[in-house]
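Chemist: coordinates only, sequence not included:
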């Protein structure tokens, strides 16, 4: 086994142990909880593509509208005197939206390096191959791991100014307290003049929001249940997926859109040498998709010591990319 294979094997082992630790900790909590960051693996890519193509799921098209049709405004907001910079994308995925920005900046001969961060090495490998093929002049440094660990690594690679993208409404995958802590930690790691571009899904008609996460075809349900399948496959657990049902809620006052899995029968689930008991109708807290008002966004930026320099909304005013600068 050569050193590269050994390194990759060690990384996979470390990732699996972290996955196991997080699952065990979550299922020991009250209420039981699983981390939404583990939804995304190779097996779920197709399901996620189906979700993005659902007519009810408006988020992707709203932010895509911004990156397709307002890219000139967006680019001007992050450029400062043509100063070279590193463009860091947290949770890059397939970079469908950011690709428009990357292509625009490359065509303008802007001096920058793209640093996508993702927990999935598979996704990053595909992303690197995609840009080598489609934008060969683009300098890409892929970073596999958690956001803050990899942000530290990006900061150590280069002293250049940083522009951080956090797209897709992913800030909403935390409750409000977590989002405040997240933004404060980002601010602590960045330097004066650095920029953070955050995508926020705005509060709107609650039926529109609820339908986006509770589609009639059951795709979102399959997406959530797939995490149990992944735990079975990778951690040798024995979840019976037929014993759980997807349940979705939305509170238009707080903006919290939450998904759960409901245990349909009393049961025991084994993971390694541990047993987890489920009562009938017991819940697993799966995911939150927080929605924001303009006041919520302003308060979040102020609290975390950023200054809003621009806000770019889609044509429906359902979604906004808010551009903050470290002050």
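Modeler: That came through fine. If you're wondering where the values come from, they're calculated on a predicted model, not measured in any experiment.
Chemist: show the average pLDDT along stretch 160-167.
Modeler: Averaged across stretch 160-167, pLDDT comes to 97.
Chemist: identify the residues contacting that stretch?
Modeler: Stretch 160-167 is contacted from outside by 63, 78, 80, 83-91, 97-98, 101, 112-113, 151, 154-155, 186, 190-191, 193-199, 321, using C-beta atoms under 8 Å, 6 or more residues apart in numbering. Yep, even glycine has a C-beta here, placed from its N, CA and C like the rest.
Chemist: weed out the non-buried ones from these.
Modeler: 63, 78, 85-91, 97-98, 101, 112-113, 151, 154-155, 186, 190, 194-199, 321 (16 or more other C-beta atoms under 10 Å).
Chemist: show me those residues that map onto helices.
Modeler: 63, 78, 98, 101, 151, 154-155, 186 (DSSP state H).
Chemist: and which of the residues you listed is nearest to residue 130?
Modeler: residue 98 (11.7 Å; C-beta to C-beta).
Chemist: gap between that closest one and residue 313?
Modeler: Distance of residue 98 to residue 313, given as C-beta to C-beta, to the nearest Å: 18 Å.
Chemist: identify the farthest-apart pair in the ones in helices among the buried ones among the contacts of stretch 160-167.
Modeler: 63 and 155 (26.1 Å).
Chemist: name the element the closest residue to residue 239 other than its chain neighbours belongs to?
Modeler: With sequence-adjacent residues excluded and distances taken as C-beta to C-beta, 6 or more residues apart in numbering, residue 239 is closest to residue 228, at 4.1 Å. Secondary structure from DSSP states H and E places residue 228 in helix 219-235.
Chemist: now do that helix: distance to the chain's middle.
Modeler: Distance of helix 219-235 from its chain centroid, counting by C-alpha atoms, centre = their mean, to the nearest Å, is 17 Å.
Chemist: helix or strand right after the helix or strand bottoming out on mean pLDDT in the chain?
Modeler: Least confident helix or strand of the chain, by mean pLDDT, DSSP states H and E, is helix 3-28 with a mean of 69. Of the helices and strands lying after helix 3-28 in sequence (DSSP H and E), the nearest is strand 32-33.
Chemist: tell me which strands that next one pairs with, and in which orientation.
Modeler: strand 283-288 (parallel) (DSSP bridges).
Chemist: rewinding a little: and the helix or strand following the helix holding residue 228, what does it pack against?
Modeler: Next helix or strand after helix 219-235 toward the C-terminus (DSSP H and E): strand 244-251. Where contact means 3 or more C-beta pairs under 8 Å, 6 or more residues apart in numbering; DSSP states H and E, strand 244-251 is packed against helix 206-213, helix 219-235, strand 256-263.
Chemist: what's the angle between strand 244-251 and helix 206-213?
Modeler: In terms of direction (axes from the mean of the first three to the mean of the last three C-alpha atoms, to 10 degrees), strand 244-251 departs from helix 206-213 by 150 degrees.
Chemist: what's the angle between strand 244-251 and strand 256-263?
Modeler: 160 degrees.
Chemist: strand 244-251: which residues count as buried?
Modeler: For strand 244-251, by 16+ other C-beta under 10 Å, it's 244, 246-248, 250.
Chemist: and what of stretch 294-307?
Modeler: 296-297, 300-301, 304, 306.
Chemist: pLDDT of that stretch, averaged?
Modeler: pLDDT averaged over stretch 294-307 gives 96.
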